[in-house]
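S.K.: Here is a sequence with its predicted model. Questions after.
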Amino acid sequence: MFNPKSFLYGDDLLKLAKVADEQAKKYPDLSIFVTAPFSDLKAIADETEHVIVTAQHMDGIQPGRGMGHVLPESIYNAGARATFLNHAEQPMKLSEVTASVKRAKELGIISVVCADSIDEAKAVAMLKPDIILCEPTELIGTGQTSDESYVEATNSAIHEVDENILIMQAAGISTAEDVFKTIKLGADGTGCTSGITKAANPEQMLIEMIEAAYKASKQ
């Protein structure tokens, strides 16, 4: 998952989204997610074919009242087919996550729910989202990845609840080697923000990380 948060927008983000789209076509066995600010979702969806365009957040509301909230139908109409929920920078109450996961299922939007601790991962797994993204909050943006024990413990805890939930392990991913190692430890996928957006050559870093994910998935 390429998650540029608010580091990129407009043409700069679209340029990298197209690079990701080319890689997604090259590696059809990989699901490559590209997140975007709400105002950029449609532009990216219109200009790409193979990536999964992903919203940064979604509220579990129905059409009607909800001033200032993010309507699921709105992001779907803009081309998003996945959404982040409960990211450390946009935390949600458990009841809010429950409502958003339910609405995502109704619309066919892939739910990617973030969890910090092992206990939170267990609780989130009970909601049966499509993907749980495990990342210790204190490691986000540090360049330090989760250790092997955390990866193994969260994977085990989630699969004890539901073995069909896919698991992404992130936080601190900054190199292609980090991507390879994380997937080799048993994660179904991983994601990156600053490792790409702050790289000397963001396009090349994105390509190298996707290549590393592919190689790890085949071993």
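M.R.: Received, thanks. Because the structure is a prediction, the values reported are computed rather than measured.

S.K.: and Val161, how many neighbours?
M.R.: A count of nearby residues for Val161, using other C-beta atoms under 10 Å, gives 16. C-beta: built from backbone N, CA, C; applies to glycine.

S.K.: List the residues that contact it.
M.R.: Contact analysis of Val161 by C-beta atoms under 8 Å, 6 or more residues apart in numbering lists Lys122, Ala125, Met126.

S.K.: A strand includes Met205, no?
M.R.: No - counting by DSSP: H, G, I helix; E, B strand; the rest coil, Met205 is not found in a strand; it is helix.

S.K.: my guess is it contacts Thr197, does it?
M.R.: No - using C-beta atoms under 8 Å, Met205 makes no contact with Thr197, being 9.0 Å away.

S.K.: still on that earlier bit, now the contacts of Val161 as TSV including distance to Val34, secondary structure and neighbour count?
M.R.: Conversion of the contacts of Val161 to TSV gives the following (distance: C-beta to C-beta, whole Å; DSSP: H, G, I helix; E, B strand; the rest coil; neighbours: other C-beta atoms under 10 Å):
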residue	distance to Val34	secondary structure	neighbour count
Lys122	29	helix	16
Ala125	25	helix	22
Met126	29	coil	11
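
S.K.: Out of the residues you listed, the closest to Ile61 would be?
M.R.: Met126 (21.8 Å; C-beta to C-beta).

S.K.: Provide the backbone phi and psi angles at the closest one.
M.R.: phi -60, psi -20 (degrees, to the nearest 10).

S.K.: if I look at it, how far off is Ser74?
M.R.: From Met126 over to Ser74 the distance is 28 Å, taken as C-beta to C-beta, to the nearest Å.

S.K.: do the same with Lys25
M.R.: Relative to Ser74, and taking C-beta to C-beta, Lys25 is found at 28 Å.
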